[in-house]
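**Student:** no sequence for this one, just the structure:
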């Protein structure tokens, strides 16, 4: 497939935003149970939500560049019964709304006790919004990943690993960003967030390695024989029917030599996993520069990872477009 | 229930591209807007087509066959491109099974083209909407045309009648009979898309002529058992006399 930068930015930006929100609410939950010190709510949760919101808006803006008719984008909310893309379009603004309200509740220090849990734990609006946001964050990960995983023709994507990796890689970049952000606003949480960022990054390495292992061993279901229905072992395309390009030759081919593909793969394998891990460990005790570098490197790596995710997928329609003459 | 479709006879197709050009001509002139071309006279021309003819070489020299392969939307009975559409712009008509795109609802997200294993859909660069074969839905129901003209443009244009058109759910239709009796098959059956369009395979046409069919076995004067038997090329009484 041809990697589209609009979609690469959309998936990586909102992934980081979802991870960041999950990190914020994880910290809040731990703090509520007195497992972590209470940070400055206004600065950490309020501004953190704002940061997540900025990333979400940036992702949304990037997604519009993928559309031929962005002014009709409102129509995409109609087919949620059958289309994962439609579901994503519904869940994304819902998540943005909840992140906004969650941030607002902390920003305004609006913490009326709505009810008390059996252990005497007070529940305020930010806790309820946090739970709703967590559910929506995971729902959004599933929707985004299922857009790709549900297409059975693209065997490289048609796997539960796609969903797992979207969750883990978005979570890793979000927690890394949260650690860097905490270094500036809530230094007492840096160790906790950097630790989780490292754990999720390691899990992401396992998930991505598993999908690379799987994809390297895929056997295409369709062959030239089934594509034109002639059962002969030796078939060669002599012409695809035209000499200039077409949508079919542009959209489904990345057009890069194998060396570029391999280079991108090794770049993201280094930039998403070991380098941020090293930076996270060395910045665990409050090195804001190191943690910011960890996020920057990991995010750059994730751009390459997503590029590779698209480029590696081989569409069966390519069987019909192998020769120009 | 009706399922209109094309049946394409690979035994007959000569790869002349008449269906390609007539399709482009008819559909670029229609009410749905032009099928735009970009850079048509430049070094790298491109444009939207609903139909292509490709050519494959089957076998190894000298035992090869050249197969011309017309390719357009197959109007699948279970079209994978339809449920993924987020706006409902792609749909399959209940009344005749044609898969269509509503160009006024399409947002140009290209998702349906990913969900088609045949590469039947093309994004029109000019209109920025997804386009594909409509089975000439604006021809086949046009009552101002003669009945003989109410067929897809490609079918009308084919000089060798390699393209048949009709209802594959009607067992008595010409297309159903062709599929049934000439080994019609669907493309990429492994995906379970149940394409409505079918292809007829290459066939070897052989005729066996027995030796006695070349000889005048009915000549009584040569089978009178006189020996030596006259040679086949010697004149017979039929040749030298009038009765």
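**Tutor:** Thanks, I have the structure now. Since we're looking at a predicted model, the values are computed, not measured.
**Student:** could you use CA atoms for every contact and neighbour count after this?
**Tutor:** Will do.
**Student:** is stretch B:108-116 in proximity to chain A?
**Tutor:** Yes - counting by CA under 8 Å from any CA of the partner chain, chain A is contacted by stretch B:108-116 at B:108-109, B:114-116.
**Student:** between the residues you listed, which is nearest residue A:15?
**Tutor:** residue B:109 (20.2 Å; CA to CA).
**Student:** next SSE downstream of the longest helix along chain B?
**Tutor:** Longest helix in chain B by number of residues (criterion: DSSP state H): helix B:18-28. Using DSSP states H and E, the helix or strand that directly follows helix B:18-28 along the chain is strand B:37-38.
**Student:** show me what that next one is packed against.
**Tutor:** Helices and strands touching strand B:37-38, by 3 or more CA pairs under 8 Å, 6 or more residues apart in numbering or on different chains; DSSP states H and E, are strand B:46-47.
**Student:** which elements pack onto the strand it packs on?
**Tutor:** strand B:37-38.
**Student:** the strand it packs on: how far from the chain's middle?
**Tutor:** In this view, strand B:37-38 has its centroid 26 Å away from the chain centroid, taken as CA atoms, centre = their mean, to the nearest Å.
**Student:** pLDDT of it, averaged?
**Tutor:** Mean per-residue pLDDT for strand B:37-38: 94.
**Student:** show me the contact partners of that strand.
**Tutor:** Identification of contacts with strand B:37-38 by CA atoms under 8 Å, 6 or more residues apart in numbering or on different chains yields B:45-48, B:125-126.
**Student:** what number of residues lie near residue B:96?
**Tutor:** 15 (other CA atoms under 10 Å in any protein chain shown).
**Student:** confidence score at it?
**Tutor:** According to the prediction, residue B:96 has pLDDT 95.
**Student:** which residues of the stretch 51-200 of chain A lie near chain B?
**Tutor:** A:66-70, A:72-73, A:75-80, A:82-86, A:151-153.
**Student:** are any of those residues buried, and if so which?
**Tutor:** Buried members of those, scored by 16 or more other CA atoms under 10 Å in any protein chain shown, are A:66-69, A:73, A:75-80, A:83-86, A:151-153.
**Student:** number of nearby residues for residue B:1?
**Tutor:** Residues within reach of residue B:1, counting by other CA under 10 Å, total 11.
**Student:** contact partners for the residue lying farthest from the centre of chain A?
**Tutor:** Here the centre of chain A is the reference, and by CA atoms, centre = their mean the most remote residue is residue A:232, at 43.0 Å. Residue A:232 makes contact with A:225, B:58-59, according to CA under 8 Å, 6+ apart.
**Student:** which of the three states applies to residue 49?
**Tutor:** All of this refers to chain A. Under the three-state scheme (DSSP: H, G, I helix; E, B strand; the rest coil), residue A:49 adopts helix.
**Student:** which residues touch it?
**Tutor:** So residue A:49 contacts A:21, A:24, A:99-100, A:102-103 (CA under 8 Å, 6+ apart).
**Student:** out of the contacts of residue A:232, which is most surrounded?
**Tutor:** residue B:58 (21 neighbours).
**Student:** kindly provide the distance from that residue to residue A:234.
**Tutor:** Applying CA to CA, to the nearest Å, the value for residue B:58 to residue A:234 is 6 Å.
**Student:** can you check residue A:138 too?
**Tutor:** 48 Å.
**Student:** if you count surrounding residues, which of the two has more?
**Tutor:** residue A:138 (19 against 13).
**Student:** contacting residues for that one?
**Tutor:** residue A:167.
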